[in-house]
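Trainee: this one's sequence-less:
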C-alpha cells in the first residue's frame, strides 16, 4: 500500500470510528435509560383520580419526590381531582375516539374499568419486562397493554371496636345470621358479587343476595370507611379490597378486614398509558416506578395497597398467610373480565337492582 493510500485509509478509519462510537454507545443503552432520556424532555405529568386513587397531598408529594429521586428527574406531577374510575375510563375512551389528548396521562383502575378502553383500541402495547426487568411476568397483561399495580383481596371490612374477633363472619353464609339485621352495609354497585357468581354459581349468588338484603341497613361506596368508624354500620360486605382497612387505620380509624374462606376472590388495580397521552414517556416511566420497592412502599404508606407478586410487600406476606390457611385464591384478571365483560355487566345490573330494592 502506497503512502497516499495508507493515509486515505487512516483518515477513513478515524472517521468511521468517530461515527460508530456514539452509535455503538447508543445501541448499548438499556431500554430503561432510553425511556428516562425521553421522559426528561416532557417535564410534566398529569394524573386524574377520584377519592383515594393517589392518596392525600402528602402521599402525592412523596410519589413526586420518590419518582424524581429514582430517575434523576425534576418533574412536576399534577394530581388533578377527577371523576370516579368508571367515568374517567369512559372519558379517556371518548377522547381517543374524538382524536383529543387524554385528560390523564396514565389511568389507574380495576380490571372492570378497562373494558371500554380496550374496545376502543385506546391502549398501546409496551415491553414492560424489557424495560423494567424487576417486574414479574404475570403482572403484564393484554400483550403489554395493562400492568398490575396492586392486589385486591376481596372480603369484609368492619369496626374493630364494635366487633370482637370471635364474632366475625368466617364464611359467606355467616352474613345471613339475623344478628346482623340493620347493622351491615353493602355497596350500591354490588362490588364483587359478579365474581362471586363465578365461584359459587349464579343461582346460589342470586339466592344469597335475596336473603342477604334482609340484613343490609344501607349502601355505601368503597372508601367510605368513616361510616364504619362512626358506628353507622359495623360491617361492609363485600368490600372492594382489604387494603381499604389499612388506609382507614392510617387515618386513625378502627377498621379491620378479612377474607371469607369460601369467597377467595382476588382482583387487581392496573395502570395503563393511553395512546393519546400527552406525556407518554413520563407516564410509562411512572407506571414502572410504582412497581419498584420504593414505589410500593410509598403506595402502602399512602393507600395501603401493594402487589403480592413483589417479594416482601405486605400483600405478598398476606398471600402466603392465606395459602397457609388452606384458602385457594381465585384470580380475576383483566383478560377474564374483558373477555366476559358483557355477561359480568349484566350480572352487576341484576345484582345492583336486588340490593337497591331491599
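Mentor: It's in. Please read these numbers as outputs of a predicted model, since none were measured by experiment.

Trainee: Poorly predicted segments of this structure, please.
Mentor: 1-28, 51, 358 (pLDDT under 70).

Trainee: again, only this time at 50
Mentor: Scanning the chain for pLDDT under 50 picks out the ranges 1-27.

Trainee: Domain-wise, how is it divided?
Mentor: Domain ranges of the chain: 32-152+267-319, 155-262+329-356, per automatic domain parsing.

Trainee: Wait, residue 271 touches residue 105, no?
Mentor: No: between residue 271 and residue 105 there is no contact under C-beta atoms under 8 Å: 10.7 Å. C-beta coordinates here come from the backbone N, C-alpha and C atoms, glycine included.

Trainee: Turn the domains of the chain into CSV, columns for mean neighbour count.
Mentor: Compiled in CSV, the domains of the chain are given as follows (neighbours: other C-beta atoms under 10 Å):
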stretch, mean neighbour count
domain 32-152+267-319, 19
domain 155-262+329-356, 18
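
Trainee: leaving aside the residues next to it on the chain, what's closest to residue 304?
Mentor: Residue nearest to residue 304 in three dimensions, not counting chain neighbours: residue 246, with 3.0 Å by C-beta to C-beta, 6 or more residues apart in numbering.

Trainee: does the one you found sit in a helix, a strand or a coil?
Mentor: At residue 246, secondary structure determined by DSSP: H, G, I helix; E, B strand; the rest coil is helix.

Trainee: do you know how far it is from residue 289?
Mentor: 21 Å (C-beta to C-beta, to the nearest Å).

Trainee: Figure out how far stretch 186-198 is from the centre of its chain.
Mentor: Distance, stretch centre to chain centre, for stretch 186-198: 18 Å (C-alpha atoms, centre = their mean, to the nearest Å).

Trainee: what does that stretch rub up against?
Mentor: Here stretch 186-198 makes contact (C-beta atoms under 8 Å, 6 or more residues apart in numbering) with 154, 172, 205, 208-209, 212-213, 216, 219-222, 236-240, 263, 265, 267, 330, 332, 344, 347-348, 351-352, 354-356.

Trainee: and if you look at stretch 117-128?
Mentor: Stretch 117-128 is contacted by residues 31, 89, 92-93, 96-97, 102, 107, 114, 135, 139-140, 142-147, 272-276, 284, 287-288, 338 when judged by C-beta under 8 Å, 6+ apart.

Trainee: Inside helices: which ones of the residues you listed?
Mentor: If you go by DSSP state H, the contacts of stretch 117-128 have 31, 89, 92, 93, 96, 97, 284, 287, 288, 338 in helices.
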